[in-house]
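Q: structure, please.
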Amino acid sequence: MIVDIKLLNTSTNPTPRFETEGSSGFDIAASETVVLDGGECKLIPTGIHLIIPKGYEGQLRLRSSMYKENVAMPNAPGTIDSDYTGEIFIPIRNTKPWSPISILKGRRIAQIVINKLPDVHIRPVNPDEFASFCDSGRGDAGFGSTGTGLDPQQL
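A: Have a look, this model is predicted:
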């Protein structure tokens, strides 16, 4: 099945493409040079606009090679909804508190992976009905409630 994604490139960078036959995402680049001070987070412009068909989403992910730059992408992966057609910006945080970094114009910094979404129906239930589904043993214990898998005596 082929998914038709329409792409407008308002930058002077080459049009994004899949870099290899096995790539799951297409790379996008910074449309201007941006300097991030130590610990700073900024939105990096790309000049890329997409029209994604209804029933699909774009997942925005930092390229794996970006770890060498000591950067992180807050809220990764980011979601590009089918009804968003504005410019795509890449949120980048400089994780080095001691030193500025430069994201150079034309540098491929992120990739977009297109995914099909399931049809979802949200069905409100009353508290008793909800409780009948909650007998998982985990309940509302929260993040990390299944433990580490390590013997506590070894920690």
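
Q: CA only for contacts and neighbour counts going forward, please
A: Fine.

Q: helices or strands up against the top strand by length along the chain?
A: Criterion DSSP state E: the longest strand present in the chain is strand 108-116. Where contact means 3 or more C-alpha pairs under 8 Å, 6 or more residues apart in numbering; DSSP states H and E, strand 108-116 is packed against strand 26-29, strand 56-62.

Q: only C-alpha atoms, please: export the longest one in CSV.
A: Read it as strand 56-62. This file holds the C-alpha atoms of strand 56-62, laid out as CSV (Å, rounded to 0.1, in the frame of the first residue of the first chain):
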residue,chain,number,x,y,z
TYR,A,56,-2.2,8.5,9.5
GLU,A,57,0.3,10.4,11.6
GLY,A,58,3.9,11.4,11.3
GLN,A,59,6.2,10.5,14.2
LEU,A,60,9.0,13.0,14.5
ARG,A,61,12.2,11.4,15.9
LEU,A,62,15.7,12.7,16.4
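
Q: what pairs with it, parallel or antiparallel?
A: Here strand 56-62 has these sheet partners by DSSP bridges: strand 78-80 (antiparallel), strand 108-116 (antiparallel).
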